[in-house]
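**Student:** Here is the input, now give the coordinates:
(2 chains)
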Amino acid sequence: MATLFWLQTGACGGDSLALLSAESPSLEQIFSAHGVELLWHPSLSGASMREHDALLERIVNGEQALDILCVEGSIVTAPRGTGLYDSYRGRARMDIARELAERAGTVVAMGTCAAYGGVHAAAPNPGDCIGLQYNRSAPGGLLPPEWRSRAGLPVVNVSGCPAHPHAMTQTLAWLAAGLPLPLDELNRPKAFFNTVVHQGCTRNEYHEYDIEENEPGGRACLFFNLGCQGPMTQAVCNSDLWNGTSSKTRAGVPCFGCTSPSFPRDADLFLTEKVGDIPLRLPLGVERPRYMAYKNLARAAAPERVKDKKMDV
Amino acid sequence: MATIEVNINLNRVEGDLEIALVLDDGVVTEARTVGTLYRGFEQIMMGRAPRDALVITPRVCGICGTAHLYSAVLALEHAWRTPVPPNATRIRNLCLIAEGIQNDLRQTFLFFAPDFCHRRYAQHNWFDDAVDALEPFRGSIYLETLAQTRKVVEIVAHFGGQWPHSSYMLPGGVTTPADLRRVLACRSVLDEIQRWYERRVIGASLDDWLALEDAERYFAWLDTPAHAGSALGLMSRAARSLGLHLCASGTPHMLSYGAWCNPDRWSSPHDARLLPGGFYDGGSGTVEPYDQQLINEHVRHSWFRPYDGGQHPWNGETVPDFQPNSDRYTWAKAPRYGDKAVQTGPLAELLIGGDALIASLHRAEGGSAWLRQFARVRRIAVELKQARLILDELTANLHEPHILNPAKTQETDGEGYGLIMAARGALGHWLKIKDGVFEKYQIITPTAWNASPRDSGGLPGHWEQSLVGLSVQVPDDPVEIGHVIRSHDPCLVCTVHVLNTGTRLRFGP
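**Tutor:** You can find the predicted model right below:
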């Protein structure tokens, strides 16, 4: 059995609620069929806080083994580096997180807040929020870049706002089985971050022929004008649908790039910044001159049914 | 007389909660509710583009982001005087209902009711039933609740792409229309959850249950095997045998903004509601229309830069001022309606909205921890019925517009508010736009009302009042406090600007 402790720091609870939406495996299956033993989750545990306090003590003094520590929420360091804007019984949660991390086999940042700072770190960052091992995309998190857990891993960043339900439960199942979990350059498990949100979007035919929406509510692509980050954002939203049903871009909501360390970007989130007619940020790895040539050709090739936005998404 | 002061922390709530109590011979004589987290959403909104509120503010709360989204979009539409076509309002209402059902079921059967499995209750005749049904990750109702709530938020995903945290309500409408496929998929989800609710939660048909209109008839029902054996029957039997129907009423005054905007009213500020709102005056027992101008927030006992009395949110400010060694004890502000501390939530929503059974129970026994929880489960029936009606209306008007984007010239500077009933009660966003960006953004959440600290006049908030007089057997393991506080459906992450401190603890960098 792999023991699991879930710590909430500066959080909205959204990752925990997304976790309850996972189906394959579900949270219940993580406990019943994947060998995870839940020591504590603040919203779900039946035990009292007195038992929680005793448990914390046993983990810290080494009597209780901790295999997986999940942290949900930004690491709040204000005021003046004390972390007391987010505390438990007078202690900064930031310090509790650090103490538990030292004991944990693997530390998993569940959501962009714990990974990189997230929405609470948006300007002017009133809580001086950071991530566990990153401050946005730079070093400067709670733990230094060279830090490794007992199992030899950096903090595993299951980013997203919230993190995708299956990115969370499947990471937990894999870790509990003791299997290797390759990470990308931002320490995200590659299995969930090696595709872009754009891949699998039902607006792709519109994108392909450069048929773009100028205002919300339509059927066409949201990339050129409405701020969609789908072509640049690595996540499984369109290959493993949310709630088994859909995704934001399918529903006409631009991707805000919530798995990225820079989320939320410091700009109008429903607007695409452009150079001339072309977005400033291009799909991952694409060169501007070639992209312009391709788009000009694409629009010329568009069939009427796409040009006239007749096709459902 | 033995006077002790204890600080109690509670899990199985949304967010972080600490309560400072003074106990005299085991009875609570003073209570102070203390949040433990400051994130500063209102500051983050300053200087941002108006639509960014639709991305940032839903992330105030993971369990009711749809409600924040709805409030934010109404506030923008109010500022810009944007009309909203009926289908857009229908879809918004449907998604809010789905999120509400999710919340009400999880709050009841994952957060509140598992307390009845406490070892101390082993001698009660309902104890074995409670363990069978409600033990975390083992009880039958607990597991079924996990499955059903996972299902119901699919409705939000059909229109918003995902739950939690999407941004599909935009000024003038929603991003996705209803169509044949979505309407039928949502109907299927509703059918399934209704069958489960009828069979397992209330032990009756929805129509019979909604037709039940007075307290005496409900008590007679409670003795029938069908209802007594249902999840709500079990909860009522347990709660009432512990006296939770006779305690913890808190402030008698209630506030509801009214549930669900009326789709047939296109024009802002969308004050017309399907279930009427109002202010229930606990002194006179009458409901009067509410006036949002009377809402004001105090900071006398909060860690904010002081100002005199209360400020309307349009004039409000949120400037942190950490003063641990004073009589200030929380960074939650104290919202007041005029000079009154009010409570809000499903009890307020249904009582003010005119639900006959809730009104009858309230007349018979007053507000109580049990009635708050009972009203939450009752509301699910009202929501299910409304959701079906919405699907019928969408079907009949399938090709009507789902969005009418405002012209750029309409996106002017100005001020607006968006008031709705979230799962936990009255939620309001107030904003001011200047030079095309936010100059001010203030949010008053339901938990801000309920978990309010004392105001400038020293008047305690609703939870603080509801705890006074309660007997606590074992201060180290205060299950009584758990019942009462969880019956309020606390959502401390919702308290936007709360910041940690213990009343009598000293912090110092």
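
**Student:** quick one, what contacts residue A:144?
**Tutor:** residue A:133 (Cβ atoms under 8 Å, 6 or more residues apart in numbering or on different chains). Quick note: C-beta positions are derived from backbone N, CA and C, even for glycine.

**Student:** swap in residue A:40?
**Tutor:** Going by Cβ under 8 Å, 6+ apart, residue A:40 touches A:5-6, A:47, A:52, A:55.

**Student:** So for residue A:305, what's the nearest residue that isn't a sequence neighbour?
**Tutor:** Counting by Cβ to Cβ, 6 or more residues apart in numbering or on different chains, residue A:311 is the residue found nearest to residue A:305 once chain neighbours are left out, at 5.8 Å.

**Student:** In contact with that neighbour: list those residues for me.
**Tutor:** A:205-206, A:219, A:305.

**Student:** mind listing which of those residues are in helices?
**Tutor:** When the contacts of residue A:311 are checked against helices (DSSP state H), the matches are A:205-206, A:305.

**Student:** Give me the buried subset of those residues.
**Tutor:** Restricting the ones in helices among the contacts of residue A:311 to buried positions leaves A:205-206, with burial counted as 16 or more other Cβ atoms under 10 Å in any protein chain shown.

**Student:** Now the residue nearest to residue A:305: phi and psi?
**Tutor:** Phi and psi for residue A:311, reported as degrees, to the nearest 10, are phi -90, psi 130.

**Student:** quick one on the thing from earlier: need the ones in helices among the contacts of residue A:311 in JSON lines with distance to residue A:151 and pLDDT, can you?
**Tutor:** Converted to JSON lines, the ones in helices among the contacts of residue A:311 look like this (distance: Cβ to Cβ, whole Å; pLDDT from 0 to 100):
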{"residue": "A:205", "distance to residue A:151": "45", "pLDDT": "97"}
{"residue": "A:206", "distance to residue A:151": "45", "pLDDT": "97"}
{"residue": "A:305", "distance to residue A:151": "54", "pLDDT": "98"}
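
**Student:** got JSON lines for the ones in helices among the contacts of residue A:311, with distance to residue B:341 too?
**Tutor:** Listed next are those as JSON lines, based on distance: Cβ to Cβ, whole Å:
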{"residue": "A:205", "distance to residue B:341": "57"}
{"residue": "A:206", "distance to residue B:341": "53"}
{"residue": "A:305", "distance to residue B:341": "60"}
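
**Student:** ok, of the ones in helices among the contacts of residue A:311, which one's closest to chain B?
**Tutor:** Nearest to chain B among those is residue A:206, at 14.6 Å by Cβ to the nearest Cβ.

**Student:** can I assume that closest one is in contact with residue A:307?
**Tutor:** No. Look at residue A:206 against residue A:307 with Cβ atoms under 8 Å: they stay out of range, at 9.5 Å.

**Student:** Can you tell me, leaving aside adjacent residues, what's nearest to residue A:275?
**Tutor:** The shortest distance from residue A:275 to any non-neighbouring residue, by Cβ to Cβ, 6+ apart, is to residue A:288 (7.9 Å).

**Student:** From residue B:310, how far out is the one you found?
**Tutor:** Counting by Cβ to Cβ, to the nearest Å, the gap from residue A:288 to residue B:310 is 55 Å.

**Student:** Over to residue A:232?
**Tutor:** According to Cβ to Cβ, residue A:232 stands 46 Å off from residue B:310.

**Student:** more crowded one of those two?
**Tutor:** residue B:310 (24 against 20; other Cβ atoms under 10 Å in any protein chain shown).

**Student:** Quick check: bridge partners of the nearest residue to that one once chain neighbours are set aside?
**Tutor:** Nearest in space to residue B:310, with sequence neighbours left out and distances taken as Cβ to Cβ, 6+ apart, is residue B:296 at 3.1 Å. Beta-bridge partners recorded for residue B:296 (DSSP bridges): residue B:336.

**Student:** what number of residues lie near residue B:296?
**Tutor:** For residue B:296, the tally of surrounding residues (other Cβ under 10 Å) stands at 22.
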